[in-house]
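Have a look at this prediction, sequence included:
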Amino acid sequence: MYTPGPQTVPVPQAPVVQEVPQPQEKPKAPAKSKGGDVGSFIQQCISLCSYLKELETQSHLIHLNIECQDFISIHKFLGDQYEAHLEQFDSLAEFIRSMDFYLPKCACELRDAAPEMQVVTSYEWKNMLSVYYKNLEALGMKAKKLELIAQKVGAIDIANFLADLVGQAFKAAWFIKSILRAA
């Protein structure tokens, strides 16, 4: 015969409530260094990172959308440029992280760090290249100013990177200028 087991009535369990994660504090900038304010320097580096990322996007979109008589050479040049901007962005971002500072968490926050970026408003090839040219020159000037600050705060590795970036930005701007003059 069948012998039933002990009878127990299941008791509903209270749902497990997970703790809401609290935002972590950003690393605090060192108080002051001998040559200047490191926190302010890093904020300017983050702004330059944002500018580089926007230039990467801009050069990539121009690369895809441009139509002109020198299409093949300009298309190749812009392809090299957006890859260079990505590498420049990555290098500067790694320098920032090596100094124990965070970058923005998402593309929207990163984009907000470079509001002065000029935007392309036309598909006309001269307009696209003119805007990109102006942004390259602005990049060179920003990197040039920031390189002096990097030396003051003792960030020699970043200063060397910024000096190279100045040369790359002005060389690319020169190439674009020569294309526009010939047109």
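Thanks, I have the structure now. Residues are numbered from 1 along each chain as shown.

So Leu86 is in contact with Glu56, correct?
Yes: with contact defined as CB atoms under 8 Å, Leu86 counts as touching Glu56 (5.1 Å). For every residue, glycine as well, the C-beta is placed using N, CA and C.

which strands and helices sit next to the lowest-mean-pLDDT helix or strand in the chain?
Using mean pLDDT, DSSP states H and E, the weakest-scoring helix or strand in the chain turns out to be helix 107-112, at a mean of 86. Here helix 107-112 touches helix 38-65, going by 3 or more CB pairs under 8 Å, 6 or more residues apart in numbering; DSSP states H and E.

For the helix it packs on, buried residues please.
Of the residues in helix 38-65, those buried under the neighbour-count criterion (16 or more other CB atoms under 10 Å) are 38-39, 41-42, 44-60, 62-63.

what about it, average pLDDT?
For helix 38-65, the mean pLDDT works out to 95.

So which elements touch that helix?
Helix 38-65 sits against helix 71-98, helix 107-112, helix 125-153, with contacts defined as 3+ CB pairs under 8 Å, 6+ apart.

winner for burial among the ones you listed?
helix 125-153 (a mean of 19; mean count of other CB atoms under 10 Å).

ok, then the element right after that helix?
Downstream of helix 125-153, the first helix or strand assigned by DSSP states H and E is helix 156-182.

So for that next one, mean pLDDT?
95.

where does that helix sit relative to the chain's centre, distance-wise?
Helix 156-182 sits 17 Å away from the centroid of its parent chain (CA atoms, centre = their mean, to the nearest Å).

what's the angle between it and helix 125-153?
Counting by axes from the mean of the first three to the mean of the last three CA atoms, to 10 degrees, helix 156-182 points 160 degrees away from the direction of helix 125-153.

And helix 156-182, what's buried?
Applying 16+ other CB under 10 Å to helix 156-182 flags 158-159, 161-162, 165-166, 168-170, 172-173, 175-177, 179 as buried.

circling back to that earlier point, which of the helices and strands packed on helix 38-65 comes out lowest on mean pLDDT?
Among those, helix 107-112 carries the lowest mean pLDDT (a mean of 86).

which residues touch that one?
Cys49, Ser50, Lys53, Glu54, Leu103, Pro104 (CB atoms under 8 Å, 6 or more residues apart in numbering).

And the furthest pair within those?
Largest separation among these by CB to CB: Glu54 and Leu103, giving 14.2 Å.

So what does Gln118 look like in phi/psi?
Phi and psi for Gln118, reported as degrees, to the nearest 10, are phi -80, psi 140.

next one: Tyr123
According to degrees, to the nearest 10, Tyr123 has phi -90, psi 0.
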